[in-house]
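K.L.:
dropping the sequence and predicted coords here.
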Amino acid sequence: MKEWHHEQTHRDSCVAACMCIIQKWRGEAPTEAAFHESASTGPQILGRRIRELGGARYAALAQDEERTLDLHLVDGGLVVVGVFGLLFADWQRRVYGQLISRHGEMSRAYSQKGYPHAIVLVERSGDGYRLLDPWFPAMHQPLFIERSDFSNCFDGNAVFVDRVP
């Protein structure tokens, strides 16, 4: 799992970094710069950008539909999800202490829940998920989040990714 990790290059490039995680998982060379070149101006839209890789489908899930995430992970896929950045950062500090990112702390801007952030769920494990977070370097990865903490941070956006596009 750690070998699939890709640390985001810019403060606002979590979606592109998640796309690189998918590429590494598929055995492809990561191309974050190309994702930035092809991006339109403005924030990257999670579902639209990741579907560019093929073999991916977007879903807006209610909290009671999180079992859909479990099923895809058990079937061998990955799931890129959106989380509320501030809630997610608060969880990380509480569970892991102060992890160090070259980008500093996640922004408290955008809303009371923080700026949207994309992460990759790589495995269903016990009562939670193993995940790769592109905000932090590979040495901290994978992280584990319990289901109740994930439910608190999850913004409902999910992209289900298959290994073969």
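P.N.:
Great, that's in hand. Numbering: from 1, shown residues only.
K.L.:
so where is this structure shaky, pLDDT-wise?
P.N.:
36-47, 104, 106-114 (pLDDT under 70).
K.L.:
tell me the contacts of the residue most central in space within it?
P.N.:
The centroid of the chain falls nearest to residue 119 when counting by C-alpha atoms, centre = their mean (1.1 Å). With contact taken as C-beta atoms under 8 Å, 6 or more residues apart in numbering, residue 119 is in contact with 14, 18, 80, 81, 83, 88, 131, 132, 133, 134. All C-beta atoms are positioned from the backbone trio N, CA, C, and that covers glycine.
K.L.:
residue 14 versus the last one, what's the distance?
P.N.:
Looking back up the chat, that one is residue 134. Per C-beta to C-beta, to the nearest Å, residue 134 is found 5 Å from residue 14.
K.L.:
got any residues that touch both of the two?
P.N.:
Common neighbours of residue 134 and residue 14 (C-beta under 8 Å, 6+ apart) are 8, 118, 119.
K.L.:
what about the second one, helix or strand, and which?
P.N.:
This points to residue 118. Using DSSP states H and E, residue 118 sits within strand 116-125.
K.L.:
now do the helices in the protein.
P.N.:
14-25, 32-38, 46-51, 67-74, 85-96, 147-153 (DSSP state H).
K.L.:
so which of those helices is the most surrounded?
P.N.:
helix 14-25 (a mean of 24; mean count of other C-beta atoms under 10 Å).
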